[in-house]
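Novice: Structure for this input, please:
(2 chains)
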Amino acid sequence: MKNNKVMEVKNLKKYFPQNEGLFSWDQRFIKAVDEVSCYVNQGEILGVVGESGCGKTTLGRTVLLLTPPTSGTIYFQGEKLDPNNKKQLKNLRIKTSLIFQDPYLALHPIMTTRNLVAEPVRYHSIIADREERERRVEELVINVGLTPGHLEKYSHELSGGEKQRVAIARALSTDPIFVVADEPVAALDASIQAGILNLIKEMKEELGFSCLLISHDLSIVRYLCTRVLVMYAGKIVELAEKELLFESPTHPYTKALLSSIPTPTPKQSGERLILQGSPPSLLNPPSGCRLNPRCPLSEDLCKTEEPELTETDTDHLVACHFPDRPWPE
Amino acid sequence: MGKNKAAVVGGSVLVILIIAAILAPIIAPYSPREMSYGNELLPPGSEGYLLGTTSLAQDVLSYVVYGLRISLYVGFGTLLLEVALALTVGGLSGYFGGVIDELLMRFTEIVMTIPPIILLITGVSMFGTRSLEIIILFMALVNWPWMARVVRAEIMSRKQEPFIEEGRSMGFSELYLLVRYIFPTVLSPVIVLGTLDVAWFILYEATLSFLGLGDPTSTSLGILVSMGRDVLTSGWWVSFIPAFLIFLLVISLNLLGDGLRDALDVRENV
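Specialist: Numbering: from 1, shown residues only, chains lettered A, B, ... in the order given. Purely as a prediction, here's the structure:
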């Protein structure tokens, strides 16, 4: 069972220290990721959804040790990661990749497509032979839907969609087994988003990597993911199989989130469940359940005691004191 | 628009002067220090001596084309050394920040407080034998702090950009990221600043030579200006022609530098 988990985190915390004034004694922290435990199985796409600022990007970066966790453990292929172990870190960098939100900013501005895609392979001496490497680069560029004509173009000569395809080719050039895709289409035109999403899906099926897909767009998650993790204010509120989550959401936040999905037939869509207020500051989150000031089901217990993430159903974890209560009229 | 034209003119003049310096052995009718007795202080246009002769009967034309070589050698040689120092100090300081930044920047500021011309004159006089290389060394030692500060500021803003983190996620080492990812993007301000600095270096060297602190064995333009000082009334061309060439070099470098600043879109405060 354990061998199937490509990536697993336990009680992961990432706090960013916040410097107050010069004479302030108490150091305050932005609790971007607080006590998060989850795992990604071999070959699956785990979706992470939540509002902006809920800590999903920080989770993706911390899992890849691009920023050291404040506490908690990370397992990659069953092996516990040590941020100070250089050799292990190198292996992690080769076998994992991060696809960025904005391909306009994430690609080296003065490199050609050919160099961008070849660079990681060359740097890590994955393919030593020059000709073989060139072949691999050309193959990859064609696989991500570009033409050999794109090879000699600089990134500023490419369109947004083409850039993201180059970024994906580059991310996949080292044959990673785990990929974090951080809002991979959020910066792109709606008309080309579907093409990029299909590409990720195809490449995943062809190469068999596992993926953590971060998105605020529920329809993307529904389209691509196997399981879905819902985050609110740095915490997991619900984690379930995709079908289960979309058919029977349990946490009030998930319910409200799902009811916000726009549908092609607005008249037939269900009732819109609205949470009053806005997400709390991560500097000073509310006590008890973090949703309690906004939640229509909130009671005194929610204000004092933090709900544990518990299994309500098979593979369905929810952090709520009253998971069975219906939404009030 | 006007600036662009000026830059093209400056660039063209500079290229012509560089070609003249490269072709010096072909252009010069005589060896630069050769004296032909009896032909002292001939005015420009004299037969065989297009730009006249000095009071020592040396051909001015031959002297100045070789003098151009000295000026360009000193100007660009100092630039190379200055850029190397500035990229190292500014690069380490801006990229790693923290204690390294504090130490290097305080050191930089100390160097900046020393009056350049005094350090230059003292430094050059310290050595018994004067060579162009010693002048180059001291000019670079005096001038790198300004460029280092520009490099540092540029790198501090560049290192925040997502493509650096993207490179880090690919597992590239910090040094690799600094050299391959950040340096190429800070080259524009370095080129602009460097072009303007070359003009200063050429002026400095000519000044030192004029004051008798240059390399006495070289055919520096500054030495020729100084030689003509004694015969200014009877042979104005001896001083004027090398001075005019220095002027041409400096103004063409300045026009080019200003034009490049616009073309490469470097912020005005550089």
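Novice: per-residue pLDDT, residue B:5?
Specialist: Here, the pLDDT recorded for residue B:5 equals 85.
Novice: what kind of secondary structure is it in?
Specialist: helix (DSSP: H, G, I helix; E, B strand; the rest coil).
Novice: quick one, strands of chain A?
Specialist: Using DSSP state E, the strands found in chain A span residues A:5-18, A:28-41, A:45-49, A:71-76, A:79-80, A:96-99, A:178-182, A:210-215, A:227-232, A:235-241, A:310-313, A:316-318.
Novice: if you go through chain B in chain order, where are the helices?
Specialist: B:2-22, B:24-27, B:60-96, B:98-113, B:116-126, B:132-158, B:162-169, B:174-176, B:183-210, B:221-228, B:237-263 (DSSP state H).
Novice: Oops, could you answer that again for the stretch 51-200 of chain A instead?
Specialist: A:56-63, A:86-95, A:103-106, A:113-123, A:130-143, A:160-172, A:190-207 (DSSP state H, counting those that start in this stretch).
Novice: between the longest one and helix A:130-143, how big is the angle?
Specialist: It stands for helix A:190-207. Interaxial angle of helix A:190-207 relative to helix A:130-143 (axes from the mean of the first three to the mean of the last three C-alpha atoms, to 10 degrees): 130 degrees.
Novice: repeat for the second one
Specialist: Helix A:86-95 and helix A:130-143 are oriented at 50 degrees to each other (the same axes, to 10 degrees).
Novice: quick one, helix A:86-95 and helix B:162-169 angle?
Specialist: Using the same axes, to 10 degrees: helix A:86-95 against helix B:162-169 is 120 degrees.
Novice: With the last one instead?
Specialist: Interaxial angle of helix A:190-207 relative to helix B:162-169 (the same axes, to 10 degrees): 10 degrees.
Novice: Return the residues in contact with residue A:244.
Specialist: Residue A:244 makes contact with A:313, A:315, A:316 under the criterion C-beta atoms under 8 Å, 6 or more residues apart in numbering or on different chains. All C-beta spots, glycine's among them, are computed from the backbone N, C-alpha and C.
Novice: of all these, which comes closest to chain B?
Specialist: residue A:315 (30.3 Å; C-beta to the nearest C-beta).
Novice: separation between that closest one and residue A:296?
Specialist: Per C-beta to C-beta, to the nearest Å, residue A:315 is found 27 Å from residue A:296.
Novice: These two: which has the busier surroundings?
Specialist: residue A:296 (14 against 10; other C-beta atoms under 10 Å in any protein chain shown).
Novice: ok, that one touching residue A:325?
Specialist: No. With contacts counted by C-beta atoms under 8 Å, residue A:296 stays clear of residue A:325, the gap being 9.5 Å.
Novice: Not counting residues beside it along the chain, what's closest to the residue of the stretch 51-200 of chain A found nearest chain B?
Specialist: Residue of the stretch 51-200 of chain A nearest chain B, by C-beta to the nearest C-beta: residue A:93 (2.7 Å). Distance criterion C-beta to C-beta, 6 or more residues apart in numbering or on different chains; nearest residue to residue A:93, sequence neighbours excluded, is residue B:171 at 2.7 Å.
Novice: Run a quick neighbour tally on that neighbour.
Specialist: 20.
Novice: Quick one: residues contacting the nearest residue to residue A:171 once chain neighbours are set aside.
Specialist: Nearest residue to residue A:171 in three dimensions, chain neighbours excluded: residue A:97, at 3.7 Å (C-beta to C-beta, 6+ apart). Neighbouring residues of residue A:97 by C-beta under 8 Å, 6+ apart: A:171, A:172, A:174, A:176, A:178, A:179, A:180, B:169, B:170.
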